[in-house]
Structures are given as C-alpha cells and as structure tokens.
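Undergrad: Predicted model and sequence follow; I will ask about them next.
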Amino acid sequence: MQLNAPLDMHLHLRDGEMLENIAKTSAHTFSGAIIMPNLVPPVTTKEAVVAYKDRIIKAIGDEKFTPYMTLFFNPSYDKTFLSSVRDEITAIKLYPAGITTNSEGGVSGFDVEELRPALEAMSELNIPLCVHGETNGFVMDREAEFASIYERLATAFPKLTIIMEHITTKTSVDLLDRFENLYATITIHHLLITLDDVAGGMLKPHLFCKPIAKRPEDRDALLKVALEAHPKVMFGSDSAPHPQHAKESCGCAAGVFTAPIALQLLAELFDTHGSSVEKLQAFVSGNAQTIYGVTPLNKTITLEKKPFKVPSNYKGVVPIYADEEIAYSITNVSI
Ligand code: NCD
Ligand code: ZN
C-alpha cells in the first residue's frame, strides 16, 4: 500500500539532545507535523517560535519535512501580537494549568470573558486553537468533564476552529457532530489500547500517557470515526518521547513514543478492520489538509505486509511495542 504526504497533527519533538536524537524518526516518513510548544520554558514569543523552528530544521538534516509551528496559549495574547506572529505559526495550543508534561503556565478556570480578547483575535486571524481537554478531576473522567468547556468555547466563538487534541472518549466523539467548529486528533495508541493494557496486569510505563487510555467502548467509538475517516478527525500521534530512565522510574513521565512505527501500526489497524487505503489516506493526510488548509510536501510511503521487529530503543527512548513484531514494514520512501 502507498500513502501520500502523511501528516502528524500533534507531535512532541522536544529540544536539545532529544530533538537531535528523535527528529528524523518523524521527518523521514511524514511530510509535516504540528509541533507542540510545551518546551521548558514554553514557546510564547515570535522569537522563540522562529528559533525553535530553526533548531528543528537543523535537526532533521536533509529530510524533507515541514514543521507546522505553534505557540503555547496565554490569555494575554492580543490582536497586535497575534498579527505579528501569524505568518510563523499554524495553530496555538491551550493547556489547562498543570494537567500534563510542562503545562504549568497553562490556563486556570475557563472564563469566557477572560479568554475573549485572545480567542476573538485568533478567530479573526483564522488561527486554529488546539486544546488539551482535561479537567483536574478523577483521572478517568477528566476528558468527559471537559466536554462542557468545549461546548462553551465552541458556542462563544463559533468562527474559531477548535481542535480537541488526542481524544480518548465516546463523549468527545459525540461532540464532533454537535458543533460545527469542533474537530479532533486521534493517536494510534488510543486506537489500540485501553486502560487494561496499561495497568490491568504488570504496569506498562511505556503505555502511560495523558489522557490515560480509557474503556473498550471509548476505544470502539474512536475506532469507528477513525476507520471511516470521519471528515472532522485526523491523525495526531501525540508521540511524546521521554528518556528511558524517566519512564522506567518511580514517578513515570506521561507520554508514549510512537513516531517511528505510527504509519506501520495504522496500516495494520486499517487492514485488520477491513478499512480501505483511501480511508487511511484521508485519516492521515486529506482531512488535515482540509481542516487546516495546508498543502504538504509530496512524499510517498510504501508499506508492505511484512513483519517488522520494533527496536528496543531509539537512542535511549523506548517505543511502543519495543522488541515486539508488528505486521507492516515501510519498504520505501520517495520524494
Ligand atoms: C505529553 C508530553 O510528554 O509532552 N505527554 C503525554 O502524555 N501525552 C504532553 C501531552 O500532550 O499531554
Ligand atoms: Zn501532546
């Protein structure tokens, strides 16, 4: 099977040595990705976006790949600032304060009036808002509890494109058809695993992430919209590398590293469920092009049903399914 111009609409590339070590695992097989801004400190200025993009370009070497840059949302952003940074970014990412890795500077409370100046300016400038939609409630209920905040934002800012990032629940899936301006990214791991895989037997730190994987019925709801390539959903890996010692420790960091095998796993998943290459193409590129209005670089990935042994680590980062065999391999990448 062949995929054209795959896009990863939610990716953590990190910085420094980690960026240099892992950037090519995405840049080799994807045409582009939305790059998350949760660095330390977070990316909040035009200078920081431009400098981070330069470091990414340097880290990917001669791979052909577009980093679609984002800013870390702050309610103080005004129209003058946003206009000045518009050409450097593709979206802005909003984190609730302290909800996940490096999100301490995020939003507390979701007072529409407090958010109005920034979100109206984004709406006018046509800058999509990507949201990590979790409250600080009970861990299994955080995303479902956030649904009322999505409803409030979608209603108050009807022209703002709002992307519900890495959705994990049926509740979020149901919102897609209720609000015209709500869209979603879905990861490969949330299509494959439930909480049972993380903690039902021996604890699996490499499957631990935010939002935590949920129930089988939630996964089924995600699978349905992904496999039919519902036009409001798109692939976003949320591949989030952490050093092995930060995962295999007392106090495991949240994040699953999937970038190097995401396309192989998607090919296997769509094949196993009898969905078509056309649907996978839409899920992994076409829908995102329409939603974001981006035109990615040409890149053709050939995948074959041929076992691939997943490496035990990529420069010190342990991937999902390390040392296991998966059914599809990438046999060619052409530009
Ligand atoms: C992400 C990370 O490590 O930056 N972790 C995760 O569990 N997904 C942050 C995020 O997207 O929540
Ligand atoms: Zn993320």
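TA: Yep, it's here. Ligands and ions are numbered 1, 2, ... in the order given.

Undergrad: Can you show me the helices along the stretch 1-150 of the chain?
TA: Secondary structure of the stretch 1-150 of the chain (DSSP state H, counting those that start in this stretch): helices at 16-27, 46-60, 79-85, 112-124, 142-156.

Undergrad: CA atoms only: put the shortest one into PDB for me.
TA: What that stands for is helix 79-85. Only the C-alpha atoms of helix 79-85 are listed here, as PDB (Å, rounded to 0.1, in the frame of the first residue of the first chain):
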ATOM      1  CA  LYS A  79      -4.500  41.100  18.200                       C
ATOM      2  CA  THR A  80      -1.400  43.200  17.600                       C
ATOM      3  CA  PHE A  81       0.800  40.400  18.900                       C
ATOM      4  CA  LEU A  82      -1.100  37.600  17.100                       C
ATOM      5  CA  SER A  83      -1.000  39.600  13.800                       C
ATOM      6  CA  SER A  84       2.800  39.900  14.100                       C
ATOM      7  CA  VAL A  85       3.300  36.200  14.700                       C
END
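
Undergrad: Contacts for it, please.
TA: K46, V49, L71, P117, A118, A121, M122, E124, L125, I127 (Cβ atoms under 8 Å, 6 or more residues apart in numbering). From N, CA and C alone the C-beta is placed, and that goes for glycine too.

Undergrad: Any chance of CSV for these, columns pLDDT, neighbour count and distance to ligand 1?
TA: Shown next, in CSV, are the contacts of helix 79-85 (pLDDT from 0 to 100; neighbours: other Cβ atoms under 10 Å; distance: Cβ to the nearest ligand atom, whole Å):
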residue, pLDDT, neighbour count, distance to ligand 1
K46, 98, 16, 22
V49, 98, 20, 17
L71, 98, 25, 15
P117, 97, 15, 26
A118, 98, 22, 21
A121, 98, 19, 24
M122, 98, 25, 20
E124, 98, 13, 27
L125, 98, 13, 24
I127, 98, 22, 19
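
Undergrad: Out of those, which is nearest to E17?
TA: The nearest member of these to E17, counting by Cβ to Cβ, is V49 at 20.8 Å.

Undergrad: Around S76, count how many other residues there are.
TA: 9 (other Cβ atoms under 10 Å).

Undergrad: Grab the nearest non-local neighbour of it.
TA: A118 (7.3 Å; Cβ to Cβ, 6 or more residues apart in numbering).

Undergrad: what does the average pLDDT come to for stretch 277-297?
TA: Stretch 277-297 comes out with an average pLDDT of 98.

Undergrad: Please apply the same query to stretch 31-44.
TA: pLDDT averaged over stretch 31-44 gives 97.

Undergrad: same thing with stretch 82-98?
TA: 97.

Undergrad: What's the local residue count around T272?
TA: That count, for T272 with other Cβ under 10 Å as the rule, works out to 10.

Undergrad: so who does it touch?
TA: T272 touches nothing, counting by Cβ under 8 Å, 6+ apart.

Undergrad: go on, K232?
TA: Counting by Cβ under 8 Å, 6+ apart, K232 has contacts L176, D177, L182, Y183, A184, V225, N287, I291.

Undergrad: in the stretch 101-250 of the chain, which spans are strands?
TA: 129-131, 162-164, 182-186, 233-235 (DSSP state E, counting those that start in this stretch).

Undergrad: Rebuild those as a markdown table, extending it with mean neighbour count.
TA: Below are those laid out as a markdown table (neighbours: other Cβ atoms under 10 Å):
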| stretch | mean neighbour count |
| --- | --- |
| strand 129-131 | 24 |
| strand 162-164 | 27 |
| strand 182-186 | 25 |
| strand 233-235 | 27 |
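
Undergrad: Make a markdown table from the ones you listed and add mean pLDDT to it.
TA: A markdown table is the format used below for those (pLDDT from 0 to 100):
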| stretch | mean pLDDT |
| --- | --- |
| strand 129-131 | 98 |
| strand 162-164 | 98 |
| strand 182-186 | 98 |
| strand 233-235 | 98 |
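
Undergrad: Distance to H245 for those strands - can I get that in TSV?
TA: What follows is the strands of the stretch 101-250 of the chain, written out as TSV (distance: least, Cβ to Cβ, whole Å):
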stretch	distance to H245
strand 129-131	29
strand 162-164	32
strand 182-186	29
strand 233-235	29
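
Undergrad: Other residues contacting whatever helix or strand Q289 lives in?
TA: Here Q289, judged by DSSP states H and E, is contained in helix 287-292. For helix 287-292, the external contacting residues (Cβ under 8 Å, 6+ apart) are 7, 9, 34, 68, 90-91, 128, 161, 163, 183, 229-235, 294-296.
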